[in-house]
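got a predicted model here, sequence first, then my questions.
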Amino acid sequence: MERLDKRIAATGRWSRKEAKALVKSGRVKVDGQRATDPEEKIPDDAALLVDGHLLSSERYTYLMLHKPQGVVSSTQDPREPTVLGLLPPHLRKLGLFPVGRLDKDAEGLLLLTNDGPLAHRLLAPGKHVDKCYYVEVAGELDETDQQALAEGIQLKDGTRCRPACLERLPAGNQALVTIQEGKYHQVKRMLAACGKPVNYLKRLTMGPLELDPSLPPGAWRPLTEKELAALEALRK
Ligand code: URA
């Protein structure tokens with residue numbers, strides 16, 4: 001059992017204050033009955049309607065964040081600002097964590113959730129979920145680099161990577177790199193192994209999720225029903 005306002009706010013769509021107001025204005029139904037008390041305790045599997053729309057029955061929260069440069073992809077850090085610090089206080093208490101890390105100087109798509117099994121599915125090495133990055137490097141990318149990544153490049157420490165795709169863009173120092181793994185600093189290390197150090201890195205996609213172009217760096221939003229359904233399909 002959980003408080004109704006807390007459950008509504010945990011979706012990330014409304015603050016706790018807004019959730020209370022929604023209930024008080026009669027816009028929420030719990031198992032078909034109009035709710036009046038935001039503090040009412042409701043069963044975990046209660047069906048919640050807001051303005052007639054079913055809130056996902058999932059009790060987990062899923063947020064898309066456009067990680068800006070200068071924050072670390074952790075939930076706590078003694079010195080550095082974290083991605084969780086970009087969220088309002090009521091969403092910092094839900095046990096959210098980033099699914100896969102982006103370096104402090106990298107930006108782009110970061111999924112925040114408290115759904116451990118899903119995170120495991122997206123990150124498990126054997127599952128081969130594609131992640132696409134936009135990169136800018138020092139120097140000109142050429143066919144040899146493309147080939148080296150396609151064959152599975154060996155990093156300077158001897159680690160062998162799975163085949164990856166490098167799509168060169170018209171500006172010779174820019175490319176889209178798609179990998180299926182998540183080794184530490186992987187994209188930077190792959191391109192460093194080609195002699196083309198990365199100057200700028202931005203994650204654009206992760207599995208079925210694409211960075212929402214309307215989200216500026218530092219902004220976030222809950223996943224849409226369509227995005228949730230696409231993630232759900234990965235569980236199967
Ligand atoms: N590869 C990197 O080198 N850095 C990231 O942040 C993500 C992938």
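Nice, thanks for sending it over. All figures in this text were calculated on a predicted structure; none of them were measured in a lab. Numbers count the residues shown, from 1 in each chain.

distance from the helix or strand of the chain with the lowest mean pLDDT to the middle of the chain?
Every helix and strand in the chain was compared by mean pLDDT, DSSP states H and E; the lowest is strand 53-54, with a mean of 84. Averaging C-alpha positions (C-alpha atoms, centre = their mean, to the nearest Å) puts strand 53-54 24 Å from its chain's average.

now stretch 101-121
Put simply, stretch 101-121 sits 4 Å off its chain's centre (C-alpha atoms, centre = their mean).

sheet partners, orientation included, of the least confident helix or strand of the chain?
strand 48-50 (antiparallel) (DSSP bridges).

buried set for the partner strand?
Across strand 48-50, burial judged by 16 or more other C-beta atoms under 10 Å covers 48-50. C-beta coordinates here come from the backbone N, C-alpha and C atoms, glycine included.

point out where the chain drops to low pLDDT.
Residue ranges of the chain with pLDDT under 70: 56-58.

of all residues in the chain, which one is nearest the centre?
Among the residues of the chain, the one closest to the centroid is residue 111, at 1.3 Å (C-alpha atoms, centre = their mean).

element containing it, please.
strand 107-113 (DSSP states H and E).

which residues are in contact with that strand?
For strand 107-113, contacts defined as C-beta atoms under 8 Å, 6 or more residues apart in numbering pick out 60-69, 73, 83-84, 87, 96-100, 102, 119, 122, 133-134, 201-206, 209-211, 217, 220, 223.

for the nearest residue to residue 60 once chain neighbours are set aside, grab phi and psi.
Take residue 60 and drop its neighbours on the chain: the residue closest to it by C-beta to C-beta, 6 or more residues apart in numbering is residue 115, 3.9 Å away. Main-chain torsions, residue 115, degrees, to the nearest 10: phi -90, psi 90.

separation between residue 115 and the ligand?
According to C-beta to the nearest ligand atom, to the nearest Å, residue 115 and the ligand sit 21 Å apart.

distance of that residue from residue 122?
Look at residue 115 and residue 122: by C-beta to C-beta, to the nearest Å, they are 10 Å apart.

identify the residues contacting residue 40.
3-4, 30.

now, which of these sits nearest residue 24?
residue 4 (11.0 Å; C-beta to C-beta).

what's near enough to touch the closest one?
Listed by C-beta under 8 Å, 6+ apart, the contact partners of residue 4 are 19, 23, 28, 30, 35, 37-42, 48.

in TSV: those, plus secondary structure and distance to the ligand.
Shown next, in TSV, are these (DSSP: H, G, I helix; E, B strand; the rest coil; distance: C-beta to the nearest ligand atom, whole Å):
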residue	secondary structure	distance to the ligand
19	helix	34
23	helix	41
28	strand	40
30	strand	42
35	coil	43
37	coil	45
38	coil	40
39	coil	42
40	coil	43
41	strand	42
42	strand	40
48	strand	36
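
I'd like those laid out as CSV, including distance to residue 182.
Formatted as CSV, these follow (distance: C-beta to C-beta, whole Å):
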residue, distance to residue 182
19, 35
23, 41
28, 39
30, 40
35, 42
37, 45
38, 40
39, 42
40, 42
41, 40
42, 37
48, 35
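
so which bits of the chain are right by the ligand?
102-103, 106, 185-188, 201 (C-beta under 6 Å from any ligand atom).
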